[in-house]
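Engineer: quick one, structure for this:
(2 chains)
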Amino acid sequence: MTAQLEYPDIQDSDALLSVQGLWKVFGPKAQRVPHRPELAGLDRADLYAKTGCTAAVRDLSFDVAPGEVFVVMGLSGSGKSTLVRCLTRLIEPTAGRLVFEGEDLRAADEKRLRALRRSKFSMVFQHFGLLPHRKVIDNVSYGLEIRGESKPDRRRRAQEVIDLVGLAGNEHLYPEQLSGGMQQRVGLARALANDPDVLLFDEPFSALDPLIRREMQTEVVRLHREVGKTMVFITHDLSEALKLGDRILLMRDGAAVQLGTGDELVGAPADDYVREFVRDVQRADVLTLRWIARRPRDGEPLDGPELGPDVLVREATRLVLEADRPVKVVSNGTLLGVIGDEEILAVVADN
Amino acid sequence: MAAITSDLEVEVRRPRRSVVVGVLLVVWVAAYFVLRGIDTLVLGGQETTSLHRWLTEHRDDVGQGNAFFDAIRIVVDHFVVLLQNLISQPSFDRPVPVIGWLGVVAIAAYCAWAFGNWKVAVLTAAGLGFVGLQGLWQESMDTLALTVAAVLLSLLVAIPLGIWAGLSNRAFRVATLALDLMQTLPTFVYLAPLTLFFAIGPAAATIATLIYAAPPAVRLTAHAIRSVPPESVEAARSLGSTRGQTLLKVLLPMSRSTVVVGINQTIMAALSMVTVAALIDAPGLGQTVLKALQTLDVGVAFNAGLAIVVIAIVLDRVTTAAGDRPWRTASVRRKVLLGAGAVAVLVAVWFSRTYVWAAEFPSDVNVGSRIAVVASDVTAWVQDVFGGFTYGVRDAVTIGLLNPLEGLLTGSPWWLVSAVVVALAFLLGGWRGAVPAAVCLGLLVATGVWQDSMVTLASTLLATVVVVAVGLALGVWAGRNHRVDIWIRPVLDAGQTMPPFVYLVPFLALFGTSRFTAIAAAVVFAVPVTTKIVADGIKAVPVVTVEAANSVGSSTWQVISKVQLPVARRAITLAVNQGLIYVLSMVVCGGLVGAGALGYDVVAGFAQSELYGKGLAAGLAIVLLGVMLDRITQAAARRTQNFQGVQGRGDKR
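Structural biologist: Residues are numbered from 1 along each chain as shown, chains lettered A, B, ... in the order given. Predicted coordinates:
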C-alpha cells in the first residue's frame, strides 16, 4: 500500500510559507558567520575550529504550498529539528527571511508572534511535551485556555479533536496513564485544537514502537485527508518520509542536499550521499513508470497496452510481465516511451 | 591503580605524593620535639586580646539604633509573638493561648490529612498528644511557633529567589556560589554575628533560623524549575503562552514535588536551628535541653530531646507525604470528607476556647517525669555496668590518640603548623587548596584564639578519620547490596532529620563531660551523610563496568578497590568534605558538654557580656576552619576529577 497524496500545484506566488536564505548559527558572535562569505563557505569542523560556532541551518530556501505535506529529512545532527523551531521562531534564526501569508515573520514582535502561535501554527513534539499535572482534556485545551476562551467553549472544542484523533473515553486520564502512542495522540489533539493553518511535526513518532508508528503514520494521512492542513514534517526515517511527504527536503550538516518528490529522490539522486540514503528503499513502491520508460527500439511493436506515467512500478509489474509485447507509457496522448520485462525486472529484482 | 595507568605521568606522581606527605609529617613531628612550646599563642579562659575588647565595646554600634535592622527585628518579633499568642503563650487577657491544645491537634492533623494522607494525620495527632503527655506542651508549641514563623519567612524569600535562579543562568551561578558557602558554615556560627545586628531573643533566633533554613528551598526550587523537560516548556511556547502563563501553568506545577522536598529540608533545618538558638535565648524545647545539659541532668535532657525527635519525625513524615501526593485532583468523596473535617476542626477550636480541659493540656498524666526518671536510672545503670568500659574506651582514645594529636597541633609554633598545613593543602589540591589555606590560617592567627582553634581542629580531624572509615565501609556495603540499602536508608534519613543538640544527650550519659563525648556525638552525627553519599556514588558506577571487571575474574575485594572506589572517587571526596563539615559543627556544639575550645568560647560569649568579643572571634575562627577544610577538600576533589578528565579529553585536544 502506498499513501502517495496528490501533489498540489506548487508555484512561488501562492506559497503559504516561504523560507529564504535561512541561517541558524550557534556560538559566540554567531551573527558574522552568514554575512561573511569566507566563513559561510567553511565546513562544520573548520567553522568550529575558526570561530567556535556551529551552523545548524545553513542558507536554506524553500516554499511550502497550502495543503502540502512537506517533509524535512536527515540524520540526527543535520539541523532539521532546529529548522522546524526556526519556522515559528521558537529558536531565533540568525539570518534569512521567513514569509508566512505575505507577512515577514522575522519582523513580528513578541505579541504578534504569540498571536500567530495561538492561531496559525501548532507543533507536535518527539517526546510529546505533555503536562503531567493535567488530564488529557486539559492538556488538549491548554492552547485554548491561554488564549482566553471560556471553559464551555474549550471543553467542546477539545472534545471534538479528542474524538477526531481517536482518544474518546480517555479524557479524564492523566498522561502517565496512557501508552506512548496514546500520549502522542494527545499531542496531536493539542496541536489540532486551536485549528492552526500549519502543523509542524518534530519527529513525532521516533519514540514509538514500529507497529504503533505505522498506525500513527496512517492516522496522519487520514487526518490530512480529513482536515487538509498544511504540514511540515521532520523525520529521520526514509520510509516515513516517502509514505507521508508530497515533497522531501534532504538535509545534511544544516544544508539542503536535495529537494524533490519521493520518486525524484529515488529515481534521480542528486549525489552519492542521497544515493546511499535511498539505497535500501523498495524502489518498486516509489518509482513510477516515468522513471524507467525507454525509447522504443527500432522495429519494436507499438501496439501493446497503455499505462499512465504516474503508475507505480509495483502496480504495473503483473501487466507488463503478462503482456507479450512492450507496454506503452502515454501521457495525454503523447508516447513517453515503452517498458519491457527487462526494465520491470531491473527494478523489482533489484530489491 | 588500574583506572589511571594509561597516564604515565600520573602513575609516577601518585606514589611520590604520598611519600612527600609522609616525609612532611615526620619532619613536623621531629621539629615539634625541638620547637615545642615556642610561639604557641596561648590565651587563657578569661584572657582577651585587644580585638576581642574592641568587639565587646562596639557590640551595640552596629545593630541597635540602626533603623533598618530595628525595622526587621520589630516586624519579625511581632510575627513570632502573634504565633506564640495563638498557640503557646497566654494572650489577650486570657490565662491560655488563643487556641488550646485540642484545637492545635485538630488543625495540625487536618493539615496533615489534607496535604498528605490519613496515616500521617494519625501520626501527627499521636505525636502532638505524646509531647503533651510528656509535660512539654508549652515548650513544644514555642518551638513550633518559632519554626513555623521561620519557615514561612524563609519560603517567602526562598521560593521567589529559587524561581529567579531557575529562570536565569546568571542568577543561578551567583546563587550556587552563595549557597555553597552558606552550607559550609556550621549552624552554630550564624548565631554569634547575628546577635550583633538583632540582639538576642526570639526575633534574632527566628532570623538566624530563616537564614539557615532558606538555602535548601532556594536550591531545590531552582533545580526543580531547571529540570522541567524543555519540550514541555517549548510546547507551551509553541502554543503562544506568555512568560507568566508558562511559569504559572507549566513550570511551577511541574516543579511541585521537588519544591516540596525543598520545603521539607527547610523545615527540618529550621527545627534544628530553632533548638540550637536556645543559646541566644530562644524559647522552647532547646531551652529545656540546654539547661539540662548545663546541669548534667540526663533524664530531663532526654525527655526534651525525645520531644524534639517526635516533632521532627512528624514534620518530616507529613511533608514527605505531601510531596508524594500524585497529580490527580481529589475525588468527590474526599472533597466531602475534607469539608466535614473542616467543620470538625472548627468545633474542636471552639471547644479549646471554651473549656479549660481543651485549652490547657491535662497535667494529671505526666509521662515526662517518668521518662526522665527512667532515663536517669538507665544512665546510672549503664554507668555502673559499662562505666568501666565506656570510660576506659574514652580514656584510651583520649590518651592514645587525641592528646598526642592535640599536643602536636597546640604545642608546635603557629608558623610551623601553618607551613605544614599549607604544604599539605598544596600537595592535595595545588594552588587552589594552598592559597585559601594560607589566607584562613593568617586570619585565624588574627582572631587571637589560635590555640583553641587547634584544639578544635584536633578533635575534628580525629572524628573525621573515624567518620570516613565507618562511612566508607557502610556506604560500600549499602551501595553493593540492595537489601542493606533498603534497611539502612531510613535509619540514615532519620539520623539526618534530628537536630544536632539531641545527639549529645545519650553520649553525655555514656561518657560524661569530655572532649571524647563531643567526638563520639560528632561521629554519629556525620556518619549518615557520609554513608549516603558513598552509597550513591558506588551505586552510580555503571553496571556494565562492574560486570566487565567480574568477567575477567576479579575477586570482590578487587572489584571494590580497583573499580568501584576509583570510579566513585568524586563522590567519596564529596563525602569526606561533607563529613568534615558535619563533624566540625558537632564538635563545636560539644562546647556545651565539656569539649572546651572554640565551642566553649562561643557559649561563654553568649553568657558573659565581657567575653562577648572573644565569643564572636571564636565564631569567626570556626567559620575560618570550616572554609579552610572545605576549600582544601574541594581542591583535592577537583584534582582527582582532572585525572579522569585528562584521559577522556586526550584525543580531542
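Engineer: low pLDDT regions in the stretch 401-550 of chain B?
Structural biologist: B:496-497 (pLDDT under 70).
Engineer: let's see 90
Structural biologist: B:401-417, B:424-434, B:436, B:444-461, B:475-550 (pLDDT under 90).
Engineer: mind checking the SS state of residue 290?
Structural biologist: No chain was given, so I picked chain A. Following DSSP: H, G, I helix; E, B strand; the rest coil, the label given to A:R290 is helix.
Engineer: I was thinking of chain B, sorry if that wasn't clear
Structural biologist: Under three-state DSSP, B:L290 comes out as helix.
Engineer: pLDDT score for B:V105?
Structural biologist: Per-residue confidence (pLDDT) for B:V105: 90.
Engineer: which element is it on?
Structural biologist: helix B:101-115 (DSSP states H and E).
Engineer: what's the following helix or strand after that helix?
Structural biologist: Helix B:101-115 is succeeded, C-terminally, by helix B:118-133 (DSSP H and E).
Engineer: list the helices and strands that following helix packs on?
Structural biologist: Using 3 or more C-beta pairs under 8 Å, 6 or more residues apart in numbering or on different chains; DSSP states H and E, the elements in contact with helix B:118-133 are helix B:101-115, helix B:137-167, helix B:298-324, helix B:367-385. The way it works is simple: take the backbone N, C-alpha and C, and place the C-beta from them, glycine included.
Engineer: out of these, which gets nearest to B:L611?
Structural biologist: Among the helices and strands packed on helix B:118-133, the nearest to B:L611 by C-beta to C-beta is helix B:298-324 (24.7 Å).
Engineer: domain parsing of the chain, as residue ranges.
Structural biologist: Answering for chain A, as no chain was given. Domain ranges of chain A: A:12-120+A:196-281, A:285-348, per automatic domain parsing.
Engineer: chain B was what I was after
Structural biologist: Looking at automatic domain parsing, the domains of chain B come to B:20-57+B:386-646, B:59-379.
Engineer: now those as JSON lines including mean neighbour count?
Structural biologist: What follows is the domains of chain B, written out as JSON lines (neighbours: other C-beta atoms under 10 Å in any protein chain shown):
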{"stretch": "domain B:20-57+B:386-646", "mean neighbour count": "20"}
{"stretch": "domain B:59-379", "mean neighbour count": "19"}
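Engineer: what does the stretch 151-300 of chain A put close to chain B?
Structural biologist: Within the stretch 151-300 of chain A, the positions near chain B by C-beta under 8 Å from any C-beta of the partner chain are A:Y174, A:E176, A:G187, A:R190, A:N194, A:L200.
Engineer: show me which of these are buried.
Structural biologist: Neighbour-count burial (16 or more other C-beta atoms under 10 Å in any protein chain shown) applied to those gives A:Y174, A:G187, A:R190, A:N194, A:L200.
Engineer: next, give phi and psi for the fourth one.
Structural biologist: The phi and psi torsions at A:N194 (degrees, to the nearest 10) take the values phi -90, psi 20.
Engineer: how about it: what's its closest non-neighbour residue?
Structural biologist: The shortest distance from A:N194 to any non-neighbouring residue, by C-beta to C-beta, 6 or more residues apart in numbering or on different chains, is to A:G143 (4.3 Å).
Engineer: how far does the helix or strand hosting the one you found sit from the chain's center?
Structural biologist: Using DSSP H and E, A:G143 sits in helix A:142-146. On the basis of C-alpha atoms, centre = their mean, to the nearest Å, helix A:142-146 sits 26 Å off its chain's mean C-alpha point.
Engineer: quick one on the thing from earlier: for the domains of chain B, give me TSV that also has distance to A:R155.
Structural biologist: As requested, the domains of chain B are arranged in TSV below (distance: least, C-beta to C-beta, whole Å):
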stretch	distance to A:R155
domain B:20-57+B:386-646	44
domain B:59-379	16
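Engineer: helix/strand/coil for B:A222?
Structural biologist: Going by three-state DSSP, the secondary structure assigned to B:A222 is helix.
Engineer: which parts of the stretch 201-350 of chain A are helices?
Structural biologist: Applying DSSP state H, counting those that start in this stretch to the stretch 201-350 of chain A gives helices spanning A:210-227, A:238-244, A:262-267, A:272-277, A:283-286, A:313-322, A:341-348.
Engineer: using TSV, lay out these together with mean neighbour count and mean pLDDT.
Structural biologist: Formatted as TSV, the helices of the stretch 201-350 of chain A follow (neighbours: other C-beta atoms under 10 Å in any protein chain shown; pLDDT from 0 to 100):
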stretch	mean neighbour count	mean pLDDT
helix A:210-227	15	88
helix A:238-244	22	89
helix A:262-267	22	86
helix A:272-277	14	86
helix A:283-286	22	81
helix A:313-322	17	84
helix A:341-348	16	82
